[in-house]
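Chemist: From the sequence below, what's the structure:
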Amino acid sequence: MFTCLKDKKLILASQSPRRAQLLKGLGLDFEVRTYDTDESFPDDLPSDQVAEYVATAKMAEAERDFSSDEMIITADSVVVLDGKILGKPKDIEEAKSTLRMLSGKTHMVYTGVCISDIEQSISFTEETLVKFFEISEEEIIHYVSNYEVMDKAGSYGIQDWIGLAKVAEIRGSYTNIMGLPTHRIYDFLKDWDALWLAEDESDWDGDES
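Modeler: All right, here's what the predicted structure looks like:
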């Protein structure tokens, strides 16, 4: 199915167990590698471009360890409410504060993805709208007390209790909220060779004579 991986090893450069779970769900064999990456970004960068910027920075770090027979995937996700990025909480109190802000509101989840082999690279951003029902203080305390929130942008995991009980609406990819837009990755890998052939042909300005 994935002819581009016939002679290549797929590398997921991510510490996220959810991203690994999603790639496994696509039937892909891959190796996980982790790198220390500076995830800072320019203050004036629009919030909907931050995830792709960081994913590209992660790829730049991973490419230092690149072999010719490898293909690498990097990704980053951000939760944005009213233009403000809600990152991973520093402590439980900040997680509670973030969930209070998200309660009854609509926010966006942006996941930036970069896919590279030794010859070419692509990056893109997928967005998903998420609307929460009102979340009571008792429910917030229940959630942060019983589920892991410290490693999650926006202080929540859509696959957890909060996603089952308090999500009013989702527009877009569900897996994008988990950290990887699997349908986009599937399409790019399935058509990887054809994608670059088409791009080469579109850039050719001569004739065949």
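
Chemist: Quick one: end-to-end distance for stretch 61-74.
Modeler: 10 Å (C-alpha to C-alpha, to the nearest Å).

Chemist: Count the residues that sit near residue 169.
Modeler: Residue 169 has 10 neighbours, counted by other C-beta atoms under 10 Å. C-betas here are computed from N, CA, C, even on glycine.

Chemist: That one - nearest residue in space that isn't next to it in sequence?
Modeler: In space, and not counting its chain neighbours, residue 169 is closest to residue 131: 4.1 Å by C-beta to C-beta, 6 or more residues apart in numbering.

Chemist: was I right about that neighbour contacting residue 168?
Modeler: Yes. Residue 131 lies in contact with residue 168 (C-beta atoms under 8 Å); the separation is 4.5 Å.

Chemist: who's more crowded, the two?
Modeler: Taking neighbours as other C-beta under 10 Å, residue 131 and residue 168 compare with residue 131 leading, 15 against 11.

Chemist: Dig out what the more buried one forms beta bridges with.
Modeler: As for beta bridges, residue 131 partners with residue 106, residue 169 under DSSP bridges.

Chemist: Give me the below-cutoff pLDDT ranges for this protein.
Modeler: Within the chain, the stretches with pLDDT under 70 are 196-209.

Chemist: For it, just list every one of the strands.
Modeler: In the chain, the strands defined using DSSP state E lie at 9-13, 31-33, 70-81, 84-86, 106-116, 121-132, 167-171.

Chemist: Just send those strands back as CSV, with distance to residue 145 too.
Modeler: Putting those into CSV (distance: least, C-beta to C-beta, whole Å) gives the following:
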stretch, distance to residue 145
strand 9-13, 31
strand 31-33, 30
strand 70-81, 21
strand 84-86, 20
strand 106-116, 23
strand 121-132, 18
strand 167-171, 20
